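# coords please:
(2 chains)
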2 protein chains.
Amino acid sequence: MSYKNFPMVSNVMFGRGSFNQLEDILAPKRINTKAPFIFLVDDVFRSNVWITSRIPLAYDDRIIFVSAKEEPKTEQVDALVEEIILMTKERPSGIIGIGGGTIMDIAKAISIMLTNKGDAKDYQGWDLVKNEAVFHVGIPTISGTGAEVSRTAVLTGPDKKLGINSDFTPFDQVILDSELTKDVPKDQWFYTGMDCYIHCIESLKGTYINTFSETFGEMALKLCKEVFLEGELSSEEAQEKLMMASWHGGMSIVYSQVGVAHALSYGLSYLLGTKHGIGNCIVFDQLEEFYPEGVRMFKAMKEKHNIKLPQGICADLSDRDFDIMIKISLSLDPLWENALGPDWKKIMTPEKIKSLYQKM
Amino acid sequence: MSYKNFPMVSNVMFGRGSFNQLEDILAPKRINTKAPFIFLVDDVFRSNVWITSRIPLAYDDRIIFVSAKEEPKTEQVDALVEEIILMTKERPSGIIGIGGGTIMDIAKAISIMLTNKGDAKDYQGWDLVKNEAVFHVGIPTISGTGAEVSRTAVLTGPDKKLGINSDFTPFDQVILDSELTKDVPKDQWFYTGMDCYIHCIESLKGTYINTFSETFGEMALKLCKEVFLEGELSSEEAQEKLMMASWHGGMSIVYSQVGVAHALSYGLSYLLGTKHGIGNCIVFDQLEEFYPEGVRMFKAMKEKHNIKLPQGICADLSDRDFDIMIKISLSLDPLWENALGPDWKKIMTPEKIKSLYQKM
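Now for the predicted structure:
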């Protein structure tokens, strides 16, 4: 393995109801009264007073509601940065993301783009960010993807779906309040939770695995099983455990990698805009040959929760469409190498990828 | 539970051999050529060229060998700070601790005392530190105590054994290279590893337990069992797993607490200077009434590794000696409350504590 130096989330607060501590956390971080806090809040909470009334607004602080119906895009980040610059007298004191993985990634990306010149697409890659980001806080309202703990802000750009991976990307503060996840619709709960489960299988079965990632991955996997398969938990326990699964699952891939499911799912997202969680599920459902045990358990979880995955999403695609998805997917070398070893290109040919997509 | 905001280690590097990356990690942190890096290295490595030759010294950088035979003391920290101030032209660029929990705690405390006035004893407690510490790096060479991940620097002062708990205490950088633990003597390996095991039992069986701490504690406990009881690991695997157990065990007590063993062990350390790991073992061996299952497993581990604990260490103590230990131990309210609930004073009377000490 290579010796990566992983930057961690600087501060974490855990506990049911801890969202109420937000004002106390932010107060010492206010630079001055002209430098506001900008709250990026998932659009689904627009009329949810239980959440919005607890967002502590003062001076020029603003809430911006952001739709998470689509995967986050570089141009969306650029537009929001522009909007924030225009609406504020001074550089914000902080960016606070309240939502799922999409909002987490947008909040991370905006905090970086407020202090770095150019467009978000210029920073898709590894360690391209020059300047420290604006103070940024992540408050997940759905569990699984692990964006609250990761070193990346995954964005779809004009050329690629790729994260802004940098030492400045991780949140300065995360609040883990499982109560915020209590109203997640069941399908979304399943798809996002399965993102964590699939991470773990890909990480644990990958060639990059090591003791660090293994211990986090096993813990997350155990929690996913408790939540999705064993099902003897109160809803509160299940919410807390899934929130911790998301955290540990995110930590697991710090020193390992994801694999076949993520590599194919990125192609779907890029071409069809398929959301990451459901995309991973659609792909993983077809991967029994690569992850036999993991896929069997996935199918059992799917059945237990009576989840019907969309079928035939690739049925009407042209050869050119397939080529686009194949190109995106094949560009993700580390994922393939982790999944299939250094000779992965012999196994995962364009034809093989096409045949897999054709089943979806 | 209360909503603590926990500061994490800023950066972590993991991997066998990652100690070789130290130069690359430090280089960008050098303030100028007059502001040296000070390496605090456990005295046992004085003639260990395998370690010392890989410490990257440049300009005015210095190694200070520190004995870890005794528990770290506030006056020892003050003396080292004085020594560092006298030997350096400018405030150091960084403090790097290379050793076990004692060295970790001393390195954390020194980095704080270089930027905060007064004596180390003035900062024993919670959130008394005013100024950000000097950049500090922890490189553990023995696993179990979890000092590499904790928010405290435990010190014995003139009046008490208590940590400097602050947001500035955690390391800015930790390097987890299990190869550095390969030559730990067996007894010490066992005692320090058991510190982790005992943490986990106390945390998981405590009244403060919650999902955050539970997931970390269970993972650490599983790893301890694999290392100390199941014994089917290569020595390299065992070293890696114990290093991760130490990390997870440390994280587990972030949001929970330790319990009876630590509370009594602190009394032994204060009066007799008993090292923390062995002290915890001596105490825990007598706690079957509080942790029946945990103590049974401890005894099995002890037997498997043919460990003979010191006997009769309290045999020759005077009533006054017992009173001192009892006072120190009873002052640790949160530990007792975690272990025995809010009415702990009814259970854990001075007489009861004395009877427990008398067995040791």
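# Only C-alpha atoms from now on, for both contacts and neighbour counts.
OK.
# Chain B contacts on the stretch 201-350 of chain A?
Residues of the stretch 201-350 of chain A lying close to chain B (Cα under 8 Å from any Cα of the partner chain) are A:Thr211, A:Phe212, A:Thr215, A:Met219, A:Glu237, A:Glu240, A:Lys241, A:Met244.
# Could you rerun that using 10 Å?
When proximity is defined by Cα under 10 Å from any Cα of the partner chain, the stretch 201-350 of chain A lies next to chain B at A:210-216, A:218-220, A:222-223, A:237-238, A:240-245, A:247-248, A:255.
# Among the residues you listed, which ones are in helices?
A:211-216, A:218-220, A:222-223, A:237-238, A:240-245, A:247-248 (DSSP state H).
# A:Gly15 against B:Lys4, yeah?
Yes - with contact defined as Cα atoms under 10 Å, A:Gly15 reaches B:Lys4; the gap is 8.8 Å.
# Tell me which of those two has more neighbours.
A:Gly15 (20 against 15; other Cα atoms under 10 Å in any protein chain shown).
# Without its sequence neighbours, what residue ends up closest to the more buried one?
Of all residues not flanking A:Gly15 in the chain, A:Asp177 sits nearest, at 5.3 Å (Cα to Cα, 6 or more residues apart in numbering or on different chains).
# ok, that neighbour - contacts?
A:13-20, A:139-141, A:239-240, A:243 (Cα atoms under 10 Å, 6 or more residues apart in numbering or on different chains).
# do you know how far it is from A:Ile313?
Using Cα to Cα, to the nearest Å, we find A:Asp177 at a distance of 35 Å from A:Ile313.
# what do you get for A:Gln173?
In terms of Cα to Cα, A:Gln173 sits 38 Å off from A:Ile313.
# Would you mind telling me which of the two has the busier surroundings?
More neighbours surround A:Gln173 than the other of A:Gln173 and A:Ile313, with 25 against 15 (other Cα under 10 Å).
# Quick check: buried residues in stretch A:280-296?
By neighbour count on 16 or more other Cα atoms under 10 Å in any protein chain shown, the buried set for stretch A:280-296 is A:Asn280, A:Cys281, A:Ile282, A:Val283, A:Phe284, A:Asp285, A:Gln286, A:Leu287, A:Phe290, A:Tyr291, A:Gly294, A:Val295.
# what's the neighbour count on A:Glu70?
12.
# so is it in a helix, a strand, or just coil?
coil (DSSP: H, G, I helix; E, B strand; the rest coil).
# Phi and psi next, for it.
Phi and psi for A:Glu70, reported as degrees, to the nearest 10, are phi -110, psi 160.
# Spell out which residues sit in contact with it, please.
A:Thr102, A:Ser269, A:Gly273, A:Thr274, A:Lys275, A:His276.
# and the gap between it and A:Ile103?
For A:Glu70, the distance to A:Ile103 - Cα to Cα - is 11 Å.
# One more: A:His136?
For A:His136 relative to A:Ile103 (Cα to Cα), the value is 12 Å.
# Looking at the two, which one has more neighbours?
Neighbours per residue, other Cα under 10 Å: of A:His136 and A:Ile103, the larger number sits with A:Ile103, 30 against 26.
# What sits closest to that one if chain neighbours are left out?
Using Cα to Cα, 6+ apart, the nearest residue to A:Ile103 is A:Gly97, at 5.8 Å.
# burial count for that neighbour?
A:Gly97 - counted by other Cα under 10 Å - has 32 other residues nearby.
# and what of A:Arg62?
Other residues close to A:Arg62 by other Cα under 10 Å number 18.
# Could you do the one 3 residues further on as well?
Number of residues near A:Phe65 (other Cα under 10 Å) recorded here: 16.
# Stretch A:50-60: which residues count as buried?
Going by neighbour count (16+ other Cα under 10 Å), the buried part of stretch A:50-60 is A:Ile55, A:Pro56, A:Leu57.
# I'd like these laid out as CSV, including distance to A:Ser111 and secondary structure.
CSV is the format used below for the buried residues of stretch A:50-60 (distance: Cα to Cα, whole Å; DSSP: H, G, I helix; E, B strand; the rest coil):
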residue, distance to A:Ser111, secondary structure
A:Ile55, 19, coil
A:Pro56, 19, coil
A:Leu57, 19, coil
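# Helices along the stretch 51-200 of chain A, start to end?
Residue ranges of the helices in the stretch 51-200 of chain A, as given by DSSP state H, counting those that start in this stretch, are A:74-87, A:101-113, A:186-204.
# now the shortest one and helix A:74-87, what's the angle there?
With axes from the mean of the first three to the mean of the last three Cα atoms, to 10 degrees as the basis, helix A:101-113 and helix A:74-87 are set at 60 degrees to each other.
# now the last one
Taking the same axes, to 10 degrees, one finds helix A:186-204 and helix A:74-87 inclined to each other by 110 degrees.
# Show the secondary-structure elements that helix A:186-204 is packed against.
When contacts are defined as 3 or more Cα pairs under 10 Å, 6 or more residues apart in numbering or on different chains; DSSP states H and E, helix A:186-204 sits against helix A:211-225, helix A:235-252, helix A:260-272, helix A:276-284, helix A:292-304, helix A:333-340.
# shared neighbours, A:His136 and A:Ile103?
A:Ile96, A:Gly97, A:Ala109.
# Next, the contact list for the closest residue to A:Met104 other than its chain neighbours, please.
With sequence-adjacent residues excluded and distances taken as Cα to Cα, 6+ apart, A:Met104 is closest to A:Gly97, at 5.6 Å. Contacts for A:Gly97 were tallied using Cα under 10 Å, 6+ apart; they are A:38-42, A:63-64, A:66, A:103-108, A:110, A:136-141, A:148, A:171, A:174.
# With A:Met348 instead?
A:Met348 touches A:Val260, A:Leu330, A:Trp336, A:Leu340, A:Lys354, counting by Cα under 10 Å, 6+ apart.
# Widest-spaced pair of those?
A:Leu340 and A:Lys354 (17.3 Å; Cα to Cα).
# hang on, the earlier thing: now pLDDT too, for the shared contacts of A:His136 and A:Ile103, in JSON lines please.
As requested, the shared contacts of A:His136 and A:Ile103 are exported to JSON lines (pLDDT from 0 to 100):
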{"residue": "A:Ile96", "pLDDT": "98"}
{"residue": "A:Gly97", "pLDDT": "98"}
{"residue": "A:Ala109", "pLDDT": "98"}
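# tell me the domain boundaries of chain A?
With automatic domain parsing as the criterion, the domains of chain A are listed as A:11-181, A:186-357.
# closest to B:Asp24 out of the ones you listed?
Proximity to B:Asp24 (Cα to Cα) singles out domain A:11-181 among the domains of chain A, at 15.1 Å.
# And for the closest residue to A:Gly101 other than its chain neighbours, the neighbour number?
In this structure, A:Gly101 finds its nearest non-sequential neighbour in A:Ala147, 5.4 Å apart by Cα to Cα, 6+ apart. Counted with other Cα under 10 Å, the neighbours of A:Ala147 add up to 26.
# now do the one 10 residues further on
Residues near A:Gly157, counting by other Cα under 10 Å, number 19.
# how many neighbours does the spatially closest residue to it that is not a sequence neighbour have?
If the residues on either side of it in the chain are set aside, A:Gly157 comes closest to A:Thr74, at 5.1 Å by Cα to Cα, 6+ apart. Each residue near A:Thr74 was counted by other Cα under 10 Å, and the total is 26.
# what's the answer for A:Ser331, then?
A:Ser331, neighbours per other Cα under 10 Å, totals 13.
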